[in-house]
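Enquirer: Generate coordinates for the sequence data below:
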Amino acid sequence: MEGTKSSELLYLLLVVCIILALGLWPFRAPTNNVRWLGDRPGLEFRKYSSAFTHEAVEIPTFGSLEIWLQPSRWDRHTFLGFGTPDNPFRLLVRQVRTDLEIKAEPNDRLHSLTTTRLYIGDVFREAQPVLLTFTSGAGGTAVYVQGQEVKAVPTSQLLGLRGRLVLGDSPGQQDSWRGQVFGLAIYQRELSAPEVLHHYVLWTRQRGRELASDDGNVALYLFDELTGDIVYNKSEPRFKLYIPKRYSVVDQIFLEPFWREFNLSRPYWEDALENIVGFIPLGFCFYPYFVGFRLKRAALATVAMGAALSLMIEVLQSLLPTRDSGTTDIVTNTVGTWIGIAGYVLARHLITFPAPLKESVGAS
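Expert: Here you go, the predicted model:
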């Protein structure tokens, strides 16, 4: 009997170790996969890669931003973000397959659930560099692609922000993008439509350095260093972009509330399903073990154990840049544990299944 107990305990520990490994792998920060292009100015971003400023960059409400880039694949990730510790998602500019998505949250994120979202289709359909320009002023926000206006939102102010600039990834949580960035500029004034078109000509003719003479330019990155771990701002000494040796997430979130994580995207529901399925073995294995020890409310104890293990994983994930720490996973893992218990009870009724320990003891 003691040998049976020991083998059961080892089996249960193995289940826990597998769940921990799946939840925490890899166990350390990977190498930051940012590479200089070498044959031309620019940076290439791969999986687990980012560059960011140490200081907060400010873009006033009447401001503009330009970024010249080319995705390497049709995917769903963030290539430009601004964030603070209180609001990591102040501004996210994302690629959604061939489309462009812009998400902006209010500065007072704790007291508002309002998020502004703009979608522009087929921006990245052609396999070529794309210059994106965002301008904000008294008339609202305008988005330009290749120097031409494609969307205007009179009532929306996407800019008017102050936060650390993150390139190739999202602040707050891992969302690394894959592609190449050739230029980035920030202005403390609203560019006019003719100026946007003129800047497009300068960027595409490799004359981006001329933009530094603009009185409103506060940050200009040409990525022409070609080596090293710093991208210098050609307009002024501040706001250097740093490329750390190890991948890290700026202002990584600790236990993101589930109501802020919730969305209707396919990846969200796929992750939820994976987290449910991943904890079913925990409920299926531990419930009969607790019953065998005649533990009162064995089902409740098993569910509590699943929730506690999930909480531990989420706390540890906040220390790993490749993982996201949120409360949604705690909910879905707990549901998975409960389903595992229900699955065991159902199996006991439908098929011949080994009885829990207490039943075996009674029979002997």
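
Enquirer: Can you show me the strands along the stretch 101-250 of the chain?
Expert: Secondary structure of the stretch 101-250 of the chain (DSSP state E, counting those that start in this stretch): strands at 116-120, 130-137, 140-145, 148-153, 161-167, 179-187, 217-221, 230-231, 241-242.

Enquirer: Kindly reformat the ones you listed as JSON lines and extend each row with distance to Asp271.
Expert: C-beta here means a position set from N, CA and C on the backbone, and glycine is covered the same way. JSON lines is the format used below for the strands of the stretch 101-250 of the chain (distance: least, Cβ to Cβ, whole Å):
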{"stretch": "strand 116-120", "distance to Asp271": "20"}
{"stretch": "strand 130-137", "distance to Asp271": "28"}
{"stretch": "strand 140-145", "distance to Asp271": "29"}
{"stretch": "strand 148-153", "distance to Asp271": "30"}
{"stretch": "strand 161-167", "distance to Asp271": "22"}
{"stretch": "strand 179-187", "distance to Asp271": "23"}
{"stretch": "strand 217-221", "distance to Asp271": "33"}
{"stretch": "strand 230-231", "distance to Asp271": "33"}
{"stretch": "strand 241-242", "distance to Asp271": "30"}
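
Enquirer: so which of those gets nearest Gly340?
Expert: strand 116-120 (36.9 Å; Cβ to Cβ).

Enquirer: hey, what's Arg162 bridged with?
Expert: Applying DSSP bridges to Arg162 gives these bridge partners: Glu58.

Enquirer: Was I right to think it contacts Thr53?
Expert: No - Arg162 is not in contact with Thr53 according to Cβ atoms under 8 Å; the separation is 11.6 Å.

Enquirer: if we can go back for a sec, tell me which of the strands of the stretch 101-250 of the chain sits nearest to Phe45.
Expert: When the strands of the stretch 101-250 of the chain are compared by Cβ to Cβ, strand 179-187 sits nearest Phe45, at 6.0 Å.

Enquirer: what is the orientation angle of the closest one with strand 130-137?
Expert: For strand 179-187 against strand 130-137, the angle by axes from the mean of the first three to the mean of the last three Cα atoms, to 10 degrees is 30 degrees.

Enquirer: From here on, call the first residue 210.
Expert: All right, first residue 210 from here; so that's strand 388-396.

Enquirer: For the stretch 360-509 of the chain, give me the ranges with low pLDDT.
Expert: Along the stretch 360-509 of the chain, the model assigns pLDDT under 70 to residues 365-366.

Enquirer: who's in contact with the residue lying closest to Asn241 once chain neighbours are set aside?
Expert: In space, and not counting its chain neighbours, Asn241 is closest to Tyr456: 4.5 Å by Cβ to Cβ, 6 or more residues apart in numbering. With contact set as Cβ atoms under 8 Å, 6 or more residues apart in numbering, Tyr456 has these partners: Ala238, Pro239, Thr240, Asn241, Asn242, Tyr257, Ser258, Ser259, Ser385, Pro530, Thr531.

Enquirer: thinking again about what came up before, Arg371 and Thr262: which is more packed in?
Expert: Each of Arg371 and Thr262 has its neighbours counted (other Cβ atoms under 10 Å); Thr262 has more, 21 against 13.

Enquirer: Buried ones in stretch 357-371, by neighbour count?
Expert: By 16 or more other Cβ atoms under 10 Å, the buried positions in stretch 357-371 come out as Val359, Val362, Gln366, Leu367, Leu368, Gly369, Leu370.

Enquirer: which of those residues lies closest to Asp248?
Expert: For the buried residues of stretch 357-371, the nearest to Asp248 is Val359 (30.6 Å; Cβ to Cβ).

Enquirer: Check what pLDDT that closest one gets.
Expert: Per-residue pLDDT puts Val359 at 97.

Enquirer: and if you look at Ile268?
Expert: As predicted, Ile268 sits at a pLDDT of 88.

Enquirer: and what of the one 5 residues further on?
Expert: What the model reports for Ser273 is a pLDDT of 96.

Enquirer: State the next helix or strand along the chain beyond the helix or strand it falls within.
Expert: In this structure, Ser273 sits in strand 272-280 according to DSSP states H and E. Of the helices and strands lying after strand 272-280 in sequence (DSSP H and E), the nearest is strand 285-292.
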